[in-house]
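[1] Let's see this in three dimensions:
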Amino acid sequence: MRGGVCGRVNILLVPSLLLLLLAPHLVFSIEVTTPAELHAAVGDVVTLKCSFRSSSSPTSKMNVDWSYRPQTGGAPETFFHFLSKVFLPTQGQFLDRIGWQGSPSRGVASISLINATLKDNGTYTCSVRNPPDVHGSPTSSIVLTVTPKKSSIRFSDVSVLIAFILVPSGILTLILIGRMYCCGNRHSQSKAYRSSIEVTEGEEYVASRDRRRTCYERCLTDSEDEDYYYHQKKRHPHDEEDYADSQV
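    Residues are numbered from 1 along each chain as shown. Purely as a prediction, here's the structure:
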């Protein structure tokens, strides 16, 4: 008799034990995952990724919460909520800077942080509830690190620099070199053309003084002297012949 009773008890215990073993897999089935760390620069648009898996299909009761704890420490503060519709921050540092990137039907509960600042450094926690799956691992956290943006020279800046500085400077240099070269040739031709008779004592002084001048200064001076000499010769063509006859 006792054996029959014990057999019945054992038969009843087996289903109970199976239910206890399977219960965590049936009820504690929601799992939320996020990246462990995320790095961004000041001014970037940062996507805080969050995904979840649930044994139950998302319903109108599914809700998502995002909270933030500063890097300096303190209690977490919820700044975003989703329950059938989006509830964005109405005040604080995240005002007008949060966008909903989630898709519950695909198991996505991500948000975007616009115009990241150094004050945004800290821990962001994603929490998802999808009744009846409300247990298990319903939360996951991201540590966000925002750093100053590195200064860099853009291609457009280089183009502007070349167009407005280097190109005009190069053109001006070529013009000066060409002018000095032409003036040098002109100065040589002028000295070769004029005979020793045409060189007066005043011009000898000018010649000795010209040796101490730069090529460019001599070029300008020679141009003026030649123009003056040309006009004087044209105006008094017989003066030089009379002077030569008197010397003879």
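[2] Which stretches in the chain count as helices?
    Here the chain has its helices, by DSSP state H, at 2-27, 155-161, 167-193, 201-210, 215-235, 239-247.
[3] which of those has the lowest average pLDDT?
    Comparing mean pLDDT over the helices of the chain, the weakest stretch is helix 2-27, at a mean of 48.
[4] Test my guess that Pro35 contacts Ser51.
    No. Taking C-beta atoms under 8 Å as the definition, Pro35 is not a contact partner of Ser51, at 10.3 Å. For the C-beta atoms, the positions are set from N, CA and C on the backbone; glycine is no exception.
[5] out of those two, which sits in the more crowded spot?
    For Pro35 versus Ser51, the count of surrounding residues by other C-beta atoms under 10 Å is larger for Ser51: 18 against 14.
[6] quick one: pLDDT of the spatially closest residue to Cys50 that is not a sequence neighbour?
    Excluding the flanking residues, the one nearest Cys50 by C-beta to C-beta, 6 or more residues apart in numbering is Cys126, at 3.6 Å. Per-residue pLDDT puts Cys126 at 98.
[7] Ser84 against Pro58, yeah?
    No. With contact defined as C-beta under 8 Å, Ser84 does not count as touching Pro58 (10.5 Å).
[8] Span of stretch 93-102 from start to end?
    21 Å (C-alpha to C-alpha, to the nearest Å).
[9] My error: substitute stretch 54-70 in the last question.
    Using C-alpha to C-alpha, first and last residues of stretch 54-70 are 30 Å apart.
[10] For it, buried residues please.
    Ser54, Pro58, Met62, Asn63, Val64, Asp65, Trp66, Ser67, Tyr68, Arg69 (16 or more other C-beta atoms under 10 Å).
[11] what two of those have the greatest distance between them?
    Of all pairs drawn from the buried residues of stretch 54-70, the greatest distance, 26.8 Å, lies between Pro58 and Arg69 (C-beta to C-beta).
[12] what's the spacing between the nearest residue to Phe94 once chain neighbours are set aside and Arg97?
    Spatial nearest neighbour of Phe94, excluding adjacent residues (C-beta to C-beta, 6+ apart): Phe79 at 4.8 Å. According to C-beta to C-beta, to the nearest Å, Phe79 stands 10 Å off from Arg97.
[13] what's the overlap in contacts for the two?
    Common contact partners of Phe79 and Arg97 (C-beta atoms under 8 Å, 6 or more residues apart in numbering): Pro89.
[14] Counting neighbours, go ahead and name the busier of those two.
    Phe79 (22 against 18).
[15] I'd say the more buried one and Gln91 touch.
    No. With contact defined as C-beta under 8 Å, Phe79 and Gln91 do not form a contacting pair (9.4 Å).
[16] Mind checking which of the buried residues of stretch 54-70 are in strands?
    When these are checked against strands (DSSP state E), the matches are Asn63, Val64, Asp65, Trp66, Ser67, Tyr68, Arg69.
[17] show me the contacts for the fifth one.
    So the one you mean is Ser67. For Ser67, the contact set (C-beta under 8 Å, 6+ apart) comprises Pro76, Glu77, Thr78, Phe79, Tyr124, Thr125, Ser127.
[18] Report how many residues lie close to His135.
    His135 has 12 neighbours, counted by other C-beta under 10 Å.
[19] Against Val167, how distant is it?
    Separation of His135 from Val167 (C-beta to C-beta): 70 Å.
[20] next one: Thr59
    In this view, Thr59 and Val167 are 67 Å apart by C-beta to C-beta.
[21] likewise Lys150?
    Remark: distance between Lys150 and Val167 (C-beta to C-beta) = 29 Å.
[22] Which of these two has more residues huddled nearby?
    Between Lys150 and Val167, counted using other C-beta under 10 Å, the more crowded position is Val167 (11 against 6).
[23] Quick one: residues contacting the more buried one.
    So Val167 contacts nothing (C-beta under 8 Å, 6+ apart).
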